[in-house]
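> dropping the sequence and predicted coords here.
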Amino acid sequence: MEDKTFNISLKCLFCDSPLQGDADKEFKSGDLIECLECHEHNDYDALMDIAIEEGKEKVAEYAKDEIEKSLKKLFK
Ligand SMILES: [Zn+2]
């Protein structure tokens, strides 16, 4: 399987706006990320859980496409 990058966007848990992290700052477990829209503080761990779930779905979709392609080749 070739390398593929999945774009997973982090969204505010309160207002659903995309979260913008400070480029110079690395977030880690336990951090709170302030939303620029509603100024609520999002829990990093909760955001990661959601991002991981979203990522799994995208990977699953991608894998399905690849399997379909392989099957089509078999029946050429
Ligand atoms: Zn927000």
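Right, received. Where do you want to start? Here the structure is a predicted model, which is why all the values come from computation and not from measurement.

> what count of nearby residues applies to K58?
Applying other Cβ atoms under 10 Å, we find 13 residues neighbouring K58. C-beta here means a position set from N, CA and C on the backbone, and glycine is covered the same way.

> for the one helix or strand it maps to, buried residues please.
Using DSSP states H and E, K58 sits within helix 44-74. The neighbour-count check on helix 44-74 (16 or more other Cβ atoms under 10 Å) flags Y44, L47, E54 as buried.

> any idea how far it is from the middle of the chain?
Here the centre of helix 44-74 is set off from its chain's centre by 11 Å, with Cα atoms, centre = their mean, to the nearest Å.

> and if you look at stretch 18-38?
For stretch 18-38, the distance to the chain centre is 15 Å (Cα atoms, centre = their mean).

> what is the end-to-end distance of it?
11 Å (Cα to Cα, to the nearest Å).

> give me the buried positions along it.
In terms of neighbour count (16+ other Cβ under 10 Å), stretch 18-38 has its buried residues at L19, F27, I33, C35.

> I'd say L13 and L47 touch.
Yes - using Cβ atoms under 8 Å, L13 is in contact with L47, at 7.1 Å.

> who does the helix holding K58 touch, helix- and strand-wise?
Counting contacts by 3 or more Cβ pairs under 8 Å, 6 or more residues apart in numbering; DSSP states H and E, helix 44-74 is packed against strand 32-34.
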